[in-house]
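Student: show me the folded form of this:
(one chain, ligands or ions: 1)
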Amino acid sequence: MNDLRISFEFFPPKTEEGREKLYKTREELQAFSPAFFSVTYGAGGTTRDTTANIVCNLRRDGVSIAPHLSFGGDNEETVLGLLKRYKESGVDRIVALRGDMPSGMGSVAQLVYANELVAFIRRHTGDHFHLEVAAYPEIHPEAESYDADLRFLKGKFEAGANSALTQYFYNPDAYFYFLDQCEKAGIDAPIYPGIMPITNFANLARFSRNCGAEIPRWLKYRMESYRDPEDVKKLGQEIVTDLCETLLEGGAPGLHFYTMNQVAPSADILRALNFAESAD
Ligand code: FAD
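Tutor: Presented below is the predicted three-dimensional model:
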């Protein structure tokens with residue numbers, strides 16, 4: 001199992017207490033020898049400093065860490081400043097995104113597409129960074145069409161991206177079909193499935209409506225029939241472990257976990273999948 005690439009995604013906490021908890025979470029998840037951790041970025045600059053500070057602090061401790069980055073409303077100088085800081089800190093991977101503007105900031109600036117950001121990073125930093133981009137097996141909610149979304153994904157690789165992390169999904173066929181379509185479109189870079197453990201179903205359902213991730217009808221009904229949060233977590237773990245098993249058996253090159261800054265939901269799934277843990 002452990003030749004498969006594992007990665008864990010965090011969001012930047014707003015409080016000192018949250019940051020301390022995040023550093024502890026990172027230490028515990030290190031046992032699974034992930035290829036990297038990543039830290040999300042609030043487009044519009046809402047987390048510019050917190051994301052960069054967490055990333056650089058972890059890097060100083062020798063952690064393999066990738067900041068998410070997007071232009072949001074920022075100018076080239078600001079993005080170049082971040083790239084310089086990351087490069088000088090020894091960061092060698094970036095998750096390059098268009099991002100979404102926080103509500104209320106929508107008209108402040110034109111969003112820069114991810115392929116343009118990838119080209120910008122390559123233009124200014126050459127091959128220094130391994131660039132991850134986002135991919136959507138169930139198609140991005142604003143996409144003009146399936147084919148257009150695929151074409152734009154290809155554009156991100158043509159601009160210099162190395163691999164992709166997907167939006168989460170619960171229907172493995174959507175991922176396998178997507179991989180087939182990518183191959184037909186001439187995309188040969190690895191596409192790592194994004195895994196969202198299920199801990200709080202009401203929150204997940206709300207979030208999924210906005211990001212275009214489909215909750216299958218059977219999953220919704222099954223989850224809604226449980227009242228005890230512990231039962232929801234247990235069932236969620238079983239369902240997502242099965243999903244991961246199917247993905248890996250079908251040839252997924254690894255797994256990218258949306259951890260929500262928690263250890264147990266991702267760690268329990270990896271243990272159920274028999275991923276080895278190191279002692280340190
Ligand atoms: P793009 O690839 O630029 O695509 C955006 C839309 O425009 C798509 O509909 C696409 O079909 C279309 N499109 C793409 N290129 C072009 C073009 N050149 N011309 C015309 N149309 C085009 N959001 C955050 O705010 N912060 C994060 O840290 C964050 N992390 C994420 C991590 C992962 C793994 C994933 C899957 C998503 C993440 N998101 C994050 C959400 C993401 O920012 C949103 O889904 C956003 O709406 C699209 O970003 P993108 O990089 O996929 O955009």
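Student: residue boundaries of the helices in the chain?
Tutor: Using DSSP state H, the helices assigned to the chain run over residues 16-29, 48-60, 76-89, 114-125, 146-158, 172-184, 201-211, 217-224, 229-249, 264-272.
Student: ok, residues contacting stretch 135-154?
Tutor: Here stretch 135-154 makes contact (Cβ atoms under 8 Å, 6 or more residues apart in numbering) with 113, 115, 133, 164-167, 169, 171, 174-175, 177-178, 181-182, 185-187, 191, 193, 210-214. C-beta: built from backbone N, CA, C; applies to glycine.
Student: show me what contacts Gln167?
Tutor: Neighbouring residues of Gln167 by Cβ under 8 Å, 6+ apart: Ala134, Ala135, Tyr136, Pro137, Glu138, His140, Gly194, Cys211, Gly212, Ala213.
Student: lowest pLDDT pick from those?
Tutor: Within the contacts of Gln167, pLDDT reaches its minimum at Gly212, with 85.
Student: do you know how far that residue is from the ligand?
Tutor: Going from Gly212 to the ligand by Cβ to the nearest ligand atom, to the nearest Å gives 8 Å.
Student: next, count neighbours for that residue.
Tutor: 15 (other Cβ atoms under 10 Å).
Student: angle of the worst-scoring helix or strand of the chain on mean pLDDT against helix 229-249?
Tutor: Lowest by mean pLDDT, DSSP states H and E among the helices and strands of the chain is helix 201-211, with a mean of 92. Put simply, helix 201-211 runs at 50 degrees to helix 229-249, going by axes from the mean of the first three to the mean of the last three Cα atoms, to 10 degrees.
Student: check which residues of helix 201-211 are buried.
Tutor: Phe201, Leu204, Ser208 (16 or more other Cβ atoms under 10 Å).
Student: from those, pick the one nearest Lys84.
Tutor: Taking Cβ to Cβ as the measure, Lys84 sits nearest to Ser208 out of the buried residues of helix 201-211, at 36.6 Å.
Student: residues in contact with the closest one?
Tutor: By Cβ under 8 Å, 6+ apart, the contact set of Ser208 is Glu214, Ile215.
Student: before we move on, back to that, now the buried members of the contacts of stretch 135-154.
Tutor: Counted by 16+ other Cβ under 10 Å, the contacts of stretch 135-154 give 113, 115, 133, 164-167, 169, 171, 174-175, 178, 181-182, 187, 191, 193, 213-214 as buried.
Student: just to revisit the earlier point, could I get the buried residues of helix 201-211 as a markdown table with distance to Gly81?
Tutor: Below are the buried residues of helix 201-211 laid out as a markdown table (distance: Cβ to Cβ, whole Å):
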| residue | distance to Gly81 |
| --- | --- |
| Phe201 | 41 |
| Leu204 | 36 |
| Ser208 | 35 |
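Student: just give me the closest of the residues you listed to the ligand.
Tutor: Closest approach to the ligand among the buried residues of helix 201-211 (Cβ to the nearest ligand atom): Ser208, at 12.4 Å.
Student: and this protein, which of its residues are near the ligand?
Tutor: Applying Cβ under 6 Å from any ligand atom, we find that the chain lies next to the ligand at 40-41, 43, 68, 95, 97-100, 113-115, 134, 140, 142-143, 148-149, 152, 155, 165-167, 194.
Student: buried subset of those, written for ChimeraX?
Tutor: Those of the residues of the chain next to the ligand that count as buried under 16+ other Cβ under 10 Å are selected in ChimeraX with:
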select :40,41,43,68,95,97,98,99,100,113,114,115,134,140,143,149,152,155,165,166,167,194
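Student: tell me the contacts of the closest residue to Ile191 other than its chain neighbours?
Tutor: Closest residue in space to Ile191, ignoring its immediate chain neighbours: Ala164 at 4.6 Å, by Cβ to Cβ, 6 or more residues apart in numbering. For Ala164, the contacting residues are Glu132, Val133, Ala134, Ala135, Leu153, Lys156, Ala189, Pro190, Ile191, Tyr192, by Cβ under 8 Å, 6+ apart.
Student: now, which of those residues sits nearest the ligand?
Tutor: Closest to the ligand out of those is Ala134 (3.4 Å), distances taken as Cβ to the nearest ligand atom.
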